[in-house]
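Q: Generate a structure from the sequence data that follows.
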Amino acid sequence: MNQLLIGIILILGLGGYWLHQENQTLVSNNAALESAVAEQQAAFEAMKESFEKQGQALLNMGRVNAAIEAEKAEYLSIFARHNLDMLAIKKPGLMESRFNKGSQDVMEGLEDDTKKLYSITDTTSTN
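A: Here you go, the predicted model:
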């Protein structure tokens, strides 16, 4: 009878030890999973913020594009209303000064745009 009681106590002790070890494993696995979930949530928030920034940038680009399209339509309507060849033949001095002024404005605009693009690229590359 003593041997049976000692056997039962030994089996219960070993079972308790095994359950304790399993519990420790589960606790460590749970901690690892909780940290992984926290990392995933942080990554999700960063992606969400990036998506919102991209959406806003896309809206801004759409607005700029609409303004450019309106300006283009305005210039095309000017060209459609005037026969520039005939005007250049009839009033060459007037047309030459206007063409030169227009060309100068376009070149200055290109220089300004290039400076803006360079400054955007330059600040991005240093960060």
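Q: roughly how far out does stretch 103-117 sit from the chain middle?
A: The chain centroid and the centroid of stretch 103-117 are separated by 27 Å under Cα atoms, centre = their mean, to the nearest Å.
Q: swap in stretch 101-112?
A: The chain centre lies 31 Å from the centre of stretch 101-112; the measure is Cα atoms, centre = their mean.
Q: Kindly provide the distance from Val64 to Ala70.
A: Applying Cβ to Cβ, to the nearest Å, the value for Val64 to Ala70 is 11 Å. Glycine gets a C-beta too; all of them are placed from N, C-alpha and C.
Q: quick one: low-confidence ranges for this protein?
A: The chain contains residues with pLDDT under 70 at 122-127.
Q: what ranges do the helices span in it?
A: Ranges of helices in the chain, per DSSP state H, are 2-81, 84-90, 92-126.
Q: With mean neighbour count added, can I get the ones you listed in TSV?
A: Listed next are the helices of the chain as TSV, based on neighbours: other Cβ atoms under 10 Å:
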stretch	mean neighbour count
helix 2-81	10
helix 84-90	11
helix 92-126	10
